[in-house]
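1. no sequence on this one, just coordinates:
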């Protein structure tokens, strides 16, 4: 099993590791530890590079299972590497992910609407909620509220809890369907202190003040009571 360093430190930009295997079909290497995020929960996988001395191996993405997809020749098995995350891209994604949690937290707090889906890009994303009706004036209220939470500079913290303890937390799973399989025995939680607490495996900024300005660019109905909000984040 690859030790996933980002679970404890989303700000880790570089790390050292050992190549423990190759996947020739996917042209990738498996590392014993990594700060690269493999993607999931709507968040895109990280990119970056592995270095052996002064030789660079470009990482085009990471997949689950510790597999780092390489563009070109692979570094040797049992060799030591220095991993470098594409930090500019990662940090923008972290800001985006926390922005989505702010949006989710505000809508749950103020409208008790469950999340039915979502996805993120770099400084942009969309999220679906159970709203029977969604008027333009409500969109304005939501946008004002989420930016007040950015300005409130709320700390963002993570914990890893036993499954039984985690599921005693009310409303921990905000999606309409619980997507955590029974095989997962520990649950990582992300809390925006005073606003939102959810099960989540992705990377986040440490304080809402780092997110930047959030704009709801458009919204539309996805049928029935599902309404989709699109957001963009700026400095």
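-> Ah, there it is. The structure presented is a predicted model; accordingly, all values stated were derived computationally and were not measured.
2. Show me what counts as buried in the strand or helix carrying residue 92.
-> Per DSSP states H and E, residue 92 falls inside helix 87-111. Residues of helix 87-111 classed as buried by neighbour count (16 or more other CB atoms under 10 Å): 90-108. C-beta coordinates here come from the backbone N, C-alpha and C atoms, glycine included.
3. And the residue nearest the centre of the chain?
-> Of all residues in the chain, the one closest to the mean position by CA atoms, centre = their mean is residue 202, 3.3 Å from it.
4. which residues touch it?
-> Residue 202 makes contact with 37, 40-41, 43, 97, 190, according to CB atoms under 8 Å, 6 or more residues apart in numbering.
5. do the same with residue 58
-> Per CB under 8 Å, 6+ apart, neighbours of residue 58: 49, 70-72.
6. I figured residue 60 was touching residue 70, is that so?
-> Yes. Between residue 60 and residue 70 there is a contact at 7.3 Å, judged by CB atoms under 8 Å.
7. Can you say which of the contacts of residue 202 are buried?
-> Taking 16+ other CB under 10 Å as the criterion, what is buried in the contacts of residue 202 is 37, 41, 43, 97, 190.
8. Next, format those residues as a markdown table and append pLDDT.
-> Listed next are those as a markdown table, based on pLDDT from 0 to 100:
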| residue | pLDDT |
| --- | --- |
| 37 | 97 |
| 41 | 87 |
| 43 | 95 |
| 97 | 98 |
| 190 | 95 |
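9. from the residues you listed, which is closest to residue 161?
-> residue 190 (11.7 Å; CB to CB).
10. Now do the SS call for the closest one.
-> Secondary structure, DSSP: H, G, I helix; E, B strand; the rest coil: residue 190 is strand.
11. How much space separates it from residue 100?
-> To residue 100, residue 190 is 11 Å away according to CB to CB, to the nearest Å.
12. just residue 66 next, same as before
-> 26 Å.
13. Alright, calling it a day.
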